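> predicted coordinates and the sequence they were generated for:
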Amino acid sequence: MLLRLQMLVRRLLPVMILLALVQWLVQSNASLLFRWSEQFSYVPLVAILFAMLVALKFGRSRMVLACLLLGYLCSKGLWPDVFAQWLLTWLDVTALMAVLCLLLWDKDRGFALFNLLLTLVWISLTVVATTLLFEYFPLDWQHWLKPLHELLPPTVAGKVSPLQWCFYLILALSGLLRLLLNTSHSHCMLFASMLILPVLDYQNQFIVTQVTVFTLALVFLSAVIVDSHNMAFRDELTGIPSRRALMQYTQTLGSRYVIVMADIDHFKSFNDTYGHDVGDQVLKLVASKLQQVSGGGKAFRYGGEEFTLVFPRKSVQQVLPHLESLRSLIAGYQMMIRAHDRPVKKSAKKTNPYRRSASQKQVSVTCSFGVAARSRSHNQFTAVLKLADQALYDAKKAGRNCIKSR
């Protein structure tokens, strides 16, 4: 949970600071920007369109829909008469926030006709439910919400009803909960755009909306690109860089480095005994410990239960103390198994009587390590990797839970 909070702060805080800085700059230079706005009034729409096309290319349906909503927000100020004529002004900030919160909790469903229609139905129901809530919520009940409303500054409280304020709080808390479950860049950007909408509604200045929408378009674009890069270069299960990332990283290595191959001991037997769900927990645990390696090492998942550590500008002797600390850290960690076991076959019940609920078990995991350094005779990365793999085999022959080098 602590790691998720740290990642959330690292990804969300810069965006919120950027949006706040944009708001301040626009307010400080409103007259100058207003003169420019007539010449560049369509720039935010072009930026949103470009971000939407990139999201469409990468199959990010939620980001496409979010871009459409921001495009609607911007277009409503560009062509107010057209929107009023076609009765398109009913989608207010509360409905927009509710839809963005829905997208935050939804998943990318792609653009198949059925999935697209299903998403549009959910969006329509959300808009209708939000509109009905604010239309028919009894005024007598709003006095229960006044204690929360009184927390607002008087200038803000005069423009926001108690129901609106509580609605904003509920959506914000719901969004934060979602971010704790998934801290991807796309989720953070959707949450940031949801939070900025009440600010834009309060300021009610079209030039501020334009510049903010332009900034959000750039933020959405970066989120789609970064998340797509992570999908290609990060292991989905463990969250650490994948084998593809390793092969790309090797191109940046100089003439001096150490490769370490690490393997979880008896992992197949562990999987057979406790089930694949628990095996996945073990992989995540080991990956998180490998990421804590000192000495400048970088961890990658090579495949299966094998991991690779790369130490740039290090020798074997310099790396060994850090590996020993890492080996002790993994071996000394007592893991409480939280998942349930797989169903046990009737024929296995007699031969495996200790196979009871995995939640009652506490187990430890060990790893074996094989170490090799680049040398004149092994000056290619693949050759050093193969040598480290042979050293790993030596560690397994020596009884496992140890470190061997070549």
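Okay, I see it.
> mind giving me the domain ranges of the protein?
Per automatic domain parsing, the structural domains of the chain span 2-233, 243-405.
> let me have the ones you listed in JSON lines, extended by mean pLDDT and mean neighbour count.
Placement of C-beta: from N, CA and C, glycine included. Conversion of the domains of the chain to JSON lines gives the following (pLDDT from 0 to 100; neighbours: other C-beta atoms under 10 Å):
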{"stretch": "domain 2-233", "mean pLDDT": "84", "mean neighbour count": "16"}
{"stretch": "domain 243-405", "mean pLDDT": "84", "mean neighbour count": "16"}
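> quick one: residue 164 and residue 229, what's the gap?
38 Å (C-beta to C-beta, to the nearest Å).
> quick one: the strands in the stretch 201-350 of the chain?
257-264, 298-303, 306-312, 334-336 (DSSP state E, counting those that start in this stretch).
> looking at the ones you listed, which is closest to residue 192?
Closest approach to residue 192 among the strands of the stretch 201-350 of the chain is made by strand 298-303 (29.8 Å; C-beta to C-beta).
> can I get the closest one in PDB, CA atoms only?
Extracted C-alpha coordinates of strand 298-303, given in PDB (Å, rounded to 0.1, in the frame of the first residue of the first chain):
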ATOM      1  CA  LYS A 298      18.500  -3.000 -11.900                       C
ATOM      2  CA  ALA A 299      16.000  -5.900 -11.900                       C
ATOM      3  CA  PHE A 300      14.200  -7.400 -14.800                       C
ATOM      4  CA  ARG A 301      11.900 -10.400 -15.200                       C
ATOM      5  CA  TYR A 302      13.600 -12.700 -17.700                       C
ATOM      6  CA  GLY A 303      10.800 -15.300 -17.900                       C
END
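> which other residues reach that strand?
235, 237-238, 240-243, 245-246, 249, 261, 287, 290-291, 293, 307-312 (C-beta atoms under 8 Å, 6 or more residues apart in numbering).
> could you rerun that using 10 Å?
233-247, 249, 260-263, 283, 286-293, 306-312, 326, 385, 389 (C-beta atoms under 10 Å, 6 or more residues apart in numbering).
> before we move on, what about stretch 102-118?
By C-beta under 10 Å, 6+ apart, stretch 102-118 touches 55-56, 58-66, 69, 119, 122-123, 125-127, 171, 174-175, 177-179, 181-182, 186-191, 193-194.
> tell me which of those fall in helices.
55-56, 61-66, 69, 119, 122-123, 125-127, 171, 174-175, 177-179, 181, 186-191, 193-194 (DSSP state H).
> if we can go back for a sec, for the strands of the stretch 201-350 of the chain, which one sits closest to residue 404?
Among the strands of the stretch 201-350 of the chain, strand 257-264 sits nearest to residue 404 (C-beta to C-beta), with 10.2 Å.
> just want the angle from the closest one to strand 298-303.
50 degrees (axes from the mean of the first three to the mean of the last three C-alpha atoms, to 10 degrees).
> other SSEs contacting strand 257-264?
helix 276-290, strand 298-303, strand 306-312, helix 316-331, strand 367-373, helix 381-397, strand 403-405 (3 or more C-beta pairs under 10 Å, 6 or more residues apart in numbering; DSSP states H and E).
> can you tell me the strand partners of it and which way each runs?
Using DSSP bridges, the strands paired with strand 257-264 in its sheet are strand 306-312 (antiparallel), strand 367-373 (antiparallel).
> output that strand as PDB, nothing but the C-alphas.
C-alpha atoms of strand 257-264 as PDB (Å, rounded to 0.1, in the frame of the first residue of the first chain):
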ATOM      1  CA  TYR A 257      29.200  -4.600 -16.100                       C
ATOM      2  CA  VAL A 258      27.900  -7.600 -14.100                       C
ATOM      3  CA  ILE A 259      25.000  -9.900 -15.000                       C
ATOM      4  CA  VAL A 260      23.200 -11.900 -12.300                       C
ATOM      5  CA  MET A 261      20.700 -14.600 -13.100                       C
ATOM      6  CA  ALA A 262      18.300 -15.300 -10.200                       C
ATOM      7  CA  ASP A 263      15.900 -18.200  -9.900                       C
ATOM      8  CA  ILE A 264      13.200 -19.000  -7.300                       C
END
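> can I assume residue 220 is in contact with residue 56?
No: using C-beta atoms under 10 Å, residue 220 is not in contact with residue 56; the gap is 11.9 Å.
> identify the contacts common to those two.
Common neighbours of residue 220 and residue 56 (C-beta under 10 Å, 6+ apart) are 63-64, 67.
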